[in-house]
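> missing the sequence, but the structure's below:
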């Protein structure tokens, strides 16, 4: 129930080869055990001759298929935890069953249960076609299509004369009671505590409406600082969070979330020093959190929705959305986004400044050490001990600074490169 692997028989606990005597009975017993795996497992069995005494090493190579998990043995599912095999908890088993169902028959391609073509917003559909044509990602014959039904069929949103769920997610006009998961929760907090709520909203709508409402809510409840630069006539506006990074994260949350659960939703939470965008669902198999800061494979959960959003230029097909957010933040010398998973949600967090990130993640550090870390983080090319002392206005000794830097290095906040006077410090946040 993981990524597969190999099992050897004829090896001691000390990893020394000893070999086994093999008879027809042995082969029958192995075949009988493999027959107890459900669904059928494509497990390869090899008998490798060992030594001069007609002994063999038995090698089993497990090749699980992602569409077949979870497997059970003799009616019971198991999973591996480090070096221990345990009976699988019910929650994990149910989650794997759900994932298997989603992969074999994606929710966005399933038929609408209670709905008709009248529930499709014609204006949204026309605007989508216009945008996609301007991007050159739809055939020109779409220009001549006049009837809503024909357009939906050409887009793959009607199959066997029935609407599919993707049509409602993208172009729907009514969502309750059948589609409560087409929902966004918006909240502004006065502190880091969820109890200190200032305002909140809960809205239902299609992809485009929810994207617009989320952007407007963030714009209303965040600030733009203005300053005039010497030698320039124009003022310089700096929003709390980069607008393009916010848009990328919202599109990612709406496009790639798990829509199959009627209790799912996405949320936008604004705190004094950070912005969190959470979407119901987990990362696809094979994609790790650390992969998201760089280019990675694109494994869309909602393939039809993703394909149609690609045609309109909202997303790309190469898994570059989260990487682009990181690139935007890096260009503007802002903290990189932090991605996490918690209680079935994927969460993207943007911090307003390095000081906000540091006070949140490294609250155990003294104020001076937080200031040092913030100074180093804002200088991507690295800084020397001498430059840090100058920043601190020489308020501490070389020896004290060395202790501070060593402590920051030990907690994983700083790393160094070079030796002696050539040594430079870089932030690891």
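Yep, that arrived. Since the structure is predicted, the reported quantities are computational estimates derived from the model, not experimental observations.
> all contacts plus neighbour counts: C-alpha atoms, from now on.
OK.
> tell me where the model's unsure across this protein.
1, 3, 64-68, 95, 97-104, 233, 296, 317-319 (pLDDT under 70).
> quick one: contacts for the residue most central in space within it?
Nearest to the geometric centre of the chain sits residue 283, at 4.9 Å (C-alpha atoms, centre = their mean). Residue 283 makes contacts with 289, 346, as judged by C-alpha atoms under 8 Å, 6 or more residues apart in numbering.
> quick one: it from residue 47, how far?
38 Å (C-alpha to C-alpha, to the nearest Å).
> what segments of this protein are helices?
Taking DSSP state H as the criterion, the chain contains helices spanning 24-35, 90-104, 122-134, 148-154, 165-171, 207-220, 243-256, 303-311, 321-331, 354-361, 367-377, 385-391, 398-410.
> out of these, which comes closest to residue 232?
Closest of these to residue 232 is helix 321-331, at 21.2 Å (criterion: C-alpha to C-alpha).
> what is that closest one packed up against?
helix 243-256 (3 or more C-alpha pairs under 8 Å, 6 or more residues apart in numbering; DSSP states H and E).
> can you give me the buried ones in the helix it packs on?
Neighbour counts over helix 243-256 (16 or more other C-alpha atoms under 10 Å) mark 245, 246, 247, 248, 249, 250, 251, 252, 253, 254, 255, 256 as buried.
> the fourth one contacts residue 320, doesn't it?
No - here residue 248 lies out of contact with residue 320, judged by C-alpha atoms under 8 Å, at a distance of 10.0 Å.
> picking that back up, can I get the helices of the chain in JSON lines with distance to residue 115?
Shown next, in JSON lines, are those (distance: least, C-alpha to C-alpha, whole Å):
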{"stretch": "helix 24-35", "distance to residue 115": "44"}
{"stretch": "helix 90-104", "distance to residue 115": "21"}
{"stretch": "helix 122-134", "distance to residue 115": "15"}
{"stretch": "helix 148-154", "distance to residue 115": "14"}
{"stretch": "helix 165-171", "distance to residue 115": "9"}
{"stretch": "helix 207-220", "distance to residue 115": "17"}
{"stretch": "helix 243-256", "distance to residue 115": "21"}
{"stretch": "helix 303-311", "distance to residue 115": "18"}
{"stretch": "helix 321-331", "distance to residue 115": "32"}
{"stretch": "helix 354-361", "distance to residue 115": "46"}
{"stretch": "helix 367-377", "distance to residue 115": "53"}
{"stretch": "helix 385-391", "distance to residue 115": "64"}
{"stretch": "helix 398-410", "distance to residue 115": "58"}
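> out of the ones you listed, which one sits most buried?
helix 165-171 (a mean of 25; mean count of other C-alpha atoms under 10 Å).
> distance from that helix to the middle of the chain?
The chain centroid and the centroid of helix 165-171 are separated by 22 Å under C-alpha atoms, centre = their mean, to the nearest Å.
> contact partners of it?
Contacts of helix 165-171 (C-alpha under 8 Å, 6+ apart): 107-112, 119-122, 124-125, 152, 157, 175, 182, 205-208, 304-305.
> cutoff 6 Å now
108, 110, 111, 112, 120, 121, 157, 206, 207, 305 (C-alpha atoms under 6 Å, 6 or more residues apart in numbering).
> now residue 169: how far from residue 254?
For residue 169, the distance to residue 254 - C-alpha to C-alpha - is 9 Å.
> residue 45 now?
Distance from residue 45 to residue 254, by C-alpha to C-alpha: 45 Å.
> likewise residue 314?
For residue 314 relative to residue 254 (C-alpha to C-alpha), the value is 11 Å.
> equivalent analysis for residue 234, please.
From residue 234 to residue 254 the distance is 36 Å (C-alpha to C-alpha).
> what of residue 161?
27 Å.
> just residue 239 next, same as before
23 Å.
> repeat for residue 280
Distance from residue 280 to residue 254, by C-alpha to C-alpha: 9 Å.
> ranges for the strands of the stretch 151-300 of the chain?
According to DSSP state E, counting those that start in this stretch, the stretch 151-300 of the chain carries its strands in the segments 158-159, 162-163, 183-189, 197-204, 224-228, 235-239, 266-270, 274-280.
> will you turn those strands into a markdown table that also has distance to residue 425 and mean neighbour count?
Formatted as a markdown table, the strands of the stretch 151-300 of the chain follow (distance: least, C-alpha to C-alpha, whole Å; neighbours: other C-alpha atoms under 10 Å):
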| stretch | distance to residue 425 | mean neighbour count |
| --- | --- | --- |
| strand 158-159 | 58 | 18 |
| strand 162-163 | 58 | 20 |
| strand 183-189 | 35 | 20 |
| strand 197-204 | 39 | 13 |
| strand 224-228 | 30 | 10 |
| strand 235-239 | 27 | 12 |
| strand 266-270 | 32 | 23 |
| strand 274-280 | 26 | 23 |
